[in-house]
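Q: Just need the structure, nothing else, for what follows:
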Amino acid sequence: MVFAKLFAGLRKTREKLAAGLARLFGGGRKLDEAFLDELEEVLYGSDLGPTGTRIVEELKVAWKKRQIEDTAAVPAFLRARLLERLRGCEGVLGRAPSGPTVILVVGVNGSGKTTSIAKLARRLTKDGSKVLLGAGDTFRAAAVEQLTLWAERLGIGIIKQGSGADPAAVAFDATAAAKARGVDYLVLDTA
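A: Residues are numbered from 1 along each chain as shown. All right, here's what the predicted structure looks like:
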């Protein structure tokens, strides 16, 4: 229930941002004070808050210095400024002091859990870690098969049971296997 409210809020934000930007950039508008004010309104109203305001202030300065002359250059400017703010925010994935580090991946159906698990497993294996997957989403049709396909593509092990099996039993078996195999990371998919 809590996640449903969060996802609904994020969807509303994304839709508001997309609609506002489409309106601003869709009509071949001229880059002027009115455009910049509307852009600030769209960014602020789309939950970028003070960050959006500061970026628009930077854009106004660039526009006045004639570094940005038309609306076609604005999206690249916004992207660069947002990425600049994210630089240095990369975190290090924590490791358990002993035994495998267990990563439990949760989310609603269709949110991208399985794909995210594959991307995470690929990154971990590229970094030299030994990874095992646990297919705990035993209720969604084809979830186990999809994760198995990713495990095969990545060349890593997977612990799974049949459709409708107890997800806790899969997690238990996967944890035991991870300990026995000496893996660094166990990534568990959930229902």
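
Q: Tell me which residue lies nearest the centroid of the protein.
A: Ser116 (7.8 Å; Cα atoms, centre = their mean).

Q: Where does that residue fall, secondary structure wise?
A: Following DSSP states H and E, one finds Ser116 within helix 113-126.

Q: list the buried ones in that helix?
A: Using 16 or more other Cβ atoms under 10 Å as the test for burial, helix 113-126 gives Lys113, Thr114, Ile117, Ala118, Leu120, Ala121, Leu124, Thr125. Where C-beta positions appear, they are placed from N, C-alpha and C, glycine not excepted.

Q: list the buried ones in stretch 165-180?
A: Ala165, Pro167, Val170, Ala171, Asp173, Ala174, Thr175, Ala177, Ala178.

Q: Just the CA atoms of stretch 94-109, as CSV, please.
A: What follows is stretch 94-109, C-alpha atoms only, in CSV (Å, rounded to 0.1, in the frame of the first residue of the first chain):
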residue,chain,number,x,y,z
GLY,A,94,27.9,-2.7,1.0
ARG,A,95,29.4,-6.1,1.7
ALA,A,96,28.5,-8.4,4.5
PRO,A,97,31.5,-9.0,6.9
SER,A,98,31.3,-12.7,6.4
GLY,A,99,29.5,-15.1,4.1
PRO,A,100,27.6,-13.9,1.0
THR,A,101,26.1,-10.5,0.8
VAL,A,102,22.4,-11.0,0.2
ILE,A,103,20.5,-8.5,-1.9
LEU,A,104,16.7,-8.9,-1.8
VAL,A,105,15.1,-7.2,-4.8
VAL,A,106,11.4,-6.1,-4.2
GLY,A,107,8.9,-4.2,-6.2
VAL,A,108,5.5,-4.5,-7.9
ASN,A,109,5.0,-6.7,-10.9
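
Q: what distance separates the start and the end of stretch 121-141?
A: 22 Å (Cα to Cα, to the nearest Å).

Q: go on, stretch 57-74?
A: Across stretch 57-74, first to last residue, Cα to Cα, it's 13 Å.

Q: List the buried residues in that stretch.
A: Buried, per 16+ other Cβ under 10 Å, within stretch 57-74: Leu59, Lys60, Ala62, Trp63, Ile68, Thr71, Val74.
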